[in-house]
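>>> 3D model of this:
(2 chains)
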Protein chains: 2
Amino acid sequence: MKKAFAGLGLYLAAASPAFAGAVEEMLAADTAFAKMAQDESVPAAFAQYAAEDVWMFPEGGDAYQGREALVERFSTWPDGANLEWFPQEGMAAPGGDFGFTWGRYIFTANTDAAAEGENVGYGKYVSIWRKESGGWKFVADIGNSGPSPE
Amino acid sequence: MKKAFAGLGLYLAAASPAFAGAVEEMLAADTAFAKMAQDESVPAAFAQYAAEDVWMFPEGGDAYQGREALVERFSTWPDGANLEWFPQEGMAAPGGDFGFTWGRYIFTANTDAAAEGENVGYGKYVSIWRKESGGWKFVADIGNSGPSPE
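Take a look at the predicted model:
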């Protein structure tokens, strides 16, 4: 599946040569971000890739701003819960310094705590990225429910 | 309430002078977009402000791309339903040609058709904007549930 996603990115790049580099870079950043969430932890990955002035839009909750607030919220990430995501496509600013990626996610709740049949959620997300001196950081993150990625 | 929102925009502009113009312009576009939805119709406003290559992320559904597909989807907008939204803040690309606004929305279903107590939904949204020759157009739109804007 990851090969298919990479292929989509290349197709997009071919279709929009002027912004190809930025779209490829953002998809690569999102892919590395997703990998870090699995290899290390979801909170560690969000802390690593968030910009200082990031805006977060948690489903069901209010918007909040700031990497520091994000780290605090994610500090209560439950043991056994997982958020896995699969970048799909992206679009870049004409200036090449900003843009977004979108993809699909699977959220698996802590199965010990979750009620039967309520332990998996599917959806899609949009991450907005800004090119900084240290690489691409996301400046906004929002998702909502959707069909299974399978 | 609209005065308070305008005030937030001005504060942001003062805090980020380099991108002030773009943030102000996007908030103005989003405000005009929201006004058109009330003065004319929600489908007319979405058709007017969408970029040709817009990405849409409807809650519960799959992502889709294209202004033409958007117009077709919104052609079945039910009589009596309303989507009202209130732009809050924004962030612009360093290049000033791209960025996003976010705000809160109130969705009111067709009250004749809706079950008692299920006719109003609250949430927040992110609209991503690109500066085009004809003005700012949104290139992505996504929302999710959240607290009441009141």
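>>> all helices of chain A, in order?
For chain A, applying DSSP state H gives helices covering A:2-15, A:20-39, A:42-49, A:67-74.
>>> and the last one with chain B, contact?
No: contact between helix A:67-74 and chain B, assessed by C-beta under 8 Å from any C-beta of the partner chain, is absent, since the two come no nearer than 14.0 Å. To be clear about C-beta, it is placed using only N, CA and C from the backbone, and glycine gets the same treatment.
>>> Give me the residues contacting that helix.
A:42, A:43, A:46, A:47, A:50, A:51, A:52, A:53, A:54, A:56, A:58, A:64 (C-beta atoms under 8 Å, 6 or more residues apart in numbering or on different chains).
>>> that older thread, turn the helices of chain A into CSV, including mean pLDDT and mean neighbour count.
Output for those, formatted as CSV (pLDDT from 0 to 100; neighbours: other C-beta atoms under 10 Å in any protein chain shown):
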stretch, mean pLDDT, mean neighbour count
helix A:2-15, 44, 13
helix A:20-39, 96, 19
helix A:42-49, 98, 19
helix A:67-74, 98, 15
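>>> can I get those in JSON lines with distance to residue A:84?
Converted to JSON lines, the helices of chain A look like this (distance: least, C-beta to C-beta, whole Å):
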{"stretch": "helix A:2-15", "distance to residue A:84": "11"}
{"stretch": "helix A:20-39", "distance to residue A:84": "6"}
{"stretch": "helix A:42-49", "distance to residue A:84": "9"}
{"stretch": "helix A:67-74", "distance to residue A:84": "16"}
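>>> so which of those helices gets nearest residue B:140?
In terms of C-beta to C-beta, the element of those nearest to residue B:140 is helix A:20-39, at 13.1 Å.
>>> Which residue, other than its chain neighbours, is closest to the residue in chain A that chain B sits nearest to?
At 2.6 Å from chain B, residue A:95 is the closest residue in chain A, using C-beta to the nearest C-beta. Excluding the flanking residues, the one nearest residue A:95 by C-beta to C-beta, 6 or more residues apart in numbering or on different chains is residue B:95, at 2.6 Å.
>>> Against residue A:92, how distant is the one you found?
10 Å (C-beta to C-beta, to the nearest Å).
>>> for residue A:52, what are its contacts?
A:66, A:67.
>>> can you do 7 Å?
residue A:67 (C-beta atoms under 7 Å, 6 or more residues apart in numbering or on different chains).
>>> Give the buried residues for the lengthiest strand in chain A.
When chain A is parsed with DSSP state E, its longest strand is strand A:120-132. The neighbour-count check on strand A:120-132 (16 or more other C-beta atoms under 10 Å in any protein chain shown) flags A:121, A:123, A:124, A:125, A:126, A:127, A:128, A:129, A:130, A:131 as buried.
>>> Beta-bridge partners for the closest residue in space to residue A:148 that isn't next to it in sequence, please?
Nearest residue to residue A:148, sequence neighbours excluded (C-beta to C-beta, 6+ apart): residue A:122, at 4.6 Å. Beta-bridge partners recorded for residue A:122 (DSSP bridges): residue A:106.
>>> Quick check: residue A:122 touching residue A:108?
No: when contacts are counted by C-beta atoms under 7 Å, residue A:122 is not listed as touching residue A:108 (10.4 Å).
>>> Dig out what residue A:136 forms beta bridges with.
Note on residue A:136: beta-bridge partners residue A:131, judged by DSSP bridges.
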